[in-house]
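Visitor: 3D model of this:
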Amino acid sequence: MSFIPNKDLFIVTSALKTGIGVIDEQTRLQQTVEGLQSLRKYAPGAIILFVDASSRPVDEATMMLLSKYCDRSISFYGDEDLMTLANAGLKSQAEVVLLFKTLNIIKQHPELQKMMAGVRRVFKLSGRTNMLDGYDPKEYDDLYGKYVFKKRIPSWLPPQKQAESGCDHLYITRMYSFCVSLFDNYLNSLPQIYQTINYHGVDTEHAHFGCIDKNYVVEFDNLYCEGVLAGNGQTERY
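Guide: Next up is the predicted model:
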């Protein structure tokens, strides 16, 4: 009998200590813990990889607290590329580089490679995101070879910029996923996404729409999660 991967991997991206946004560090930590707890509740069988790109050191007690809810964690504190982008306030570029580095580590680290053997689907979930009633892992059962994004949103960019960038819509990037068979496809798309952000001055959400092959995309009306916007502290439901 052949082995069929049946686990979901959630890569939870975080910046516990950052100068960007209006939310203080204690609140960020509390919201991060609550988000991880909700993920454990609604996706109890999932593997959680917590990835933090703080611009200042995170103390050991905090990481111990978070480790209760995660299977693995990676700290990128001190990473020169990410620190440079964070200090320049280039949030979209930093997020893309963080994902690129994380996926490469997963490919190269023996323990993480072993972990991936049972994974069917990879989710990217922003830290401080709460899963909600209605989330059902079974909705992803028959989506081999597919990305899943929340239904595309029309762009608010000027028409000329939309035409030049090829980004006339955007995909929410707080939560999305891809079949493990698309791991390299997504990894290879990230440099193109980064270049689109840099060259056309769009955000990562527009660039994801512009660069991901729509033949591989399924769009859901609801993802059943909500998150706090760092810029203004408001909560949005997706």
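Visitor: Give me the neighbour count for residue 32.
Guide: 23 (other CB atoms under 10 Å). Quick note: C-beta positions are derived from backbone N, CA and C, even for glycine.
Visitor: What of residue 113?
Guide: 11.
Visitor: which element is it on?
Guide: helix 110-116 (DSSP states H and E).
Visitor: which residues are contacting that helix?
Guide: 9, 47, 49, 71-72, 105-107, 180 (CB atoms under 8 Å, 6 or more residues apart in numbering).
Visitor: Just the buried residues from those residues, in ChimeraX please.
Guide: Under the burial definition 16 or more other CB atoms under 10 Å, those of these that qualify are selected in ChimeraX by:
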select :9,47,49,72,106,180
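Visitor: okay if I get the contacts of helix 110-116 as CSV plus secondary structure?
Guide: As requested, those are exported to CSV (DSSP: H, G, I helix; E, B strand; the rest coil):
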residue, secondary structure
9, strand
47, strand
49, strand
71, coil
72, strand
105, helix
106, helix
107, helix
180, helix
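Visitor: Which positions within the helix holding residue 113 qualify as buried?
Guide: In helix 110-116, counting by 16+ other CB under 10 Å, buried: 112, 115-116.
Visitor: Going along the chain, name the helices of the chain.
Guide: Using DSSP state H, the helices of the chain run over 25-42, 60-67, 80-87, 91-108, 110-116, 159-165, 183-200, 204-211.
Visitor: among the ones you listed, which is nearest residue 138?
Guide: helix 25-42 (12.0 Å; CB to CB).
Visitor: contact partners of that closest one?
Guide: Residues contacting helix 25-42 (CB under 8 Å, 6+ apart): 10, 12, 14, 16-18, 23, 46, 48, 50, 62, 65-66, 69-70, 125, 127-132, 135, 224, 227-228.
Visitor: Relative to residue 39, how far out is residue 183?
Guide: 21 Å (CB to CB, to the nearest Å).
Visitor: related to what we said a few turns ago, to residue 176, which of the helices of the chain lies closest?
Guide: helix 204-211 (7.7 Å).
Visitor: Can I get the closest one in PDB, CA atoms only?
Guide: Output of helix 204-211 as PDB, limited to C-alpha atoms (Å, rounded to 0.1, in the frame of the first residue of the first chain):
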ATOM      1  CA  THR A 204       2.700  41.800  -2.100                       C
ATOM      2  CA  GLU A 205      -1.000  41.200  -2.500                       C
ATOM      3  CA  HIS A 206      -1.100  42.700  -6.000                       C
ATOM      4  CA  ALA A 207       2.100  41.000  -7.000                       C
ATOM      5  CA  HIS A 208       0.800  37.600  -5.900                       C
ATOM      6  CA  PHE A 209      -2.200  38.100  -8.200                       C
ATOM      7  CA  GLY A 210       0.000  39.200 -11.100                       C
ATOM      8  CA  CYS A 211       2.600  36.400 -10.800                       C
END
